[in-house]
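Chemist: Sharing a model that was predicted from the sequence below.
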Amino acid sequence: MANIQFKIIESTRSAAQSVRAHRFRSFLTTLGIIIGVASVISVVSVLQGFSLYISSQFDGIGTNVINVERYTPPKNRLQGKWSRLTYLDYLKIKEVCAWCKPCNA
């Protein structure tokens, strides 16, 4: 047990002497560690903020919103034929979705 304590004390004493002998190197090492930790904290904070922003954007849409968009198959797009939503489509959606209140076109 005394041998382990002696090794710990001797290692600590040797490390302290090395730090005192090379003050500038020790300062630069400490500065590098501080900058590295600050960088990691900054990146994590930015990513969490971005995640919260995206979540709030989805929450703003709400759970009772339905988006209806036109869809054109790729084959028709290559031929220059684009699908369109018509007034008849609007009436059909309004008929099927009776609880839908406002509609935007």
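Modeler: Yes, it's here.

Chemist: And the helix or strand of the chain with the lowest mean pLDDT, how far out from the chain middle?
Modeler: Using mean pLDDT, DSSP states H and E, the weakest-scoring helix or strand in the chain turns out to be helix 74-78, at a mean of 80. The chain centroid and the centroid of helix 74-78 are separated by 35 Å, computed with CA atoms, centre = their mean, to the nearest Å.

Chemist: For residue 64, give me the pLDDT.
Modeler: Among the per-residue scores, residue 64 shows a pLDDT of 69.

Chemist: Numbering from 22 from now on, please.
Modeler: Sounds good: first residue 22 from here, last item residue 85.

Chemist: Point out where this protein drops to low pLDDT.
Modeler: Across the chain, the ranges flagged by pLDDT under 70 are 83-85, 123-126.

Chemist: sorry, back to before: just the residues contacting the least confident helix or strand of the chain, thanks.
Modeler: Residues from elsewhere that reach helix 95-99, judged by CB atoms under 8 Å, 6 or more residues apart in numbering: 103, 104. Yep, even glycine has a C-beta here, placed from its N, CA and C like the rest.
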